[in-house]
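Peer 1: This is the structure alone, sequence omitted:
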């Protein structure tokens, strides 16, 4: 499955997660940019910690986008946080499905 370039029309700015501090997640100061396809949708997801979280959006990124769990993603001036990253591979190309909250 190859995602055509004309579908990845939104521009995302993301800040990598560096871990957790005393006041919540610690984010990198350097912004990274990528194109993506964002689809707002609500879905109940079980995280790797075993807690249930409601995902508010599904984003598709190119395969080598350096996203990490709990990274902050800004698309169309909306702030999201990464819940889950699922790499999708096929014979022709690959992409990353990212669930955001």
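Peer 2: Thanks, I have it. This is a predicted model, so every value here is computed, not measured.

Peer 1: give me the number of residues near residue 83?
Peer 2: Neighbour count of residue 83, defined by other Cβ atoms under 10 Å: 21. In this view, the C-beta of every residue, glycine as well, is placed from N, C-alpha and C.

Peer 1: Could you do residue 100 as well?
Peer 2: Around residue 100 there are 22 residues (other Cβ under 10 Å).

Peer 1: ok, it - contacts?
Peer 2: 55-59, 73, 80-83 (Cβ atoms under 8 Å, 6 or more residues apart in numbering).

Peer 1: Rebuild those residues as a markdown table, extending it with distance to residue 32 and pLDDT.
Peer 2: A markdown table is the format used below for the contacts of residue 100 (distance: Cβ to Cβ, whole Å; pLDDT from 0 to 100):
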| residue | distance to residue 32 | pLDDT |
| --- | --- | --- |
| 55 | 21 | 93 |
| 56 | 21 | 94 |
| 57 | 18 | 94 |
| 58 | 20 | 93 |
| 59 | 14 | 93 |
| 73 | 10 | 95 |
| 80 | 14 | 95 |
| 81 | 15 | 93 |
| 82 | 13 | 93 |
| 83 | 18 | 91 |
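
Peer 1: ok, which pair from the residues you listed is furthest apart?
Peer 2: Taking Cβ to Cβ as the measure, the contacts of residue 100 span a maximum distance of 13.8 Å, between 58 and 81.

Peer 1: coming back round to it: just put the contacts of residue 100 in TSV and tack on distance to residue 16 and secondary structure.
Peer 2: TSV is the format used below for the contacts of residue 100 (distance: Cβ to Cβ, whole Å; DSSP: H, G, I helix; E, B strand; the rest coil):
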residue	distance to residue 16	secondary structure
55	20	strand
56	20	strand
57	19	strand
58	20	strand
59	15	strand
73	10	strand
80	14	strand
81	12	strand
82	10	strand
83	15	strand
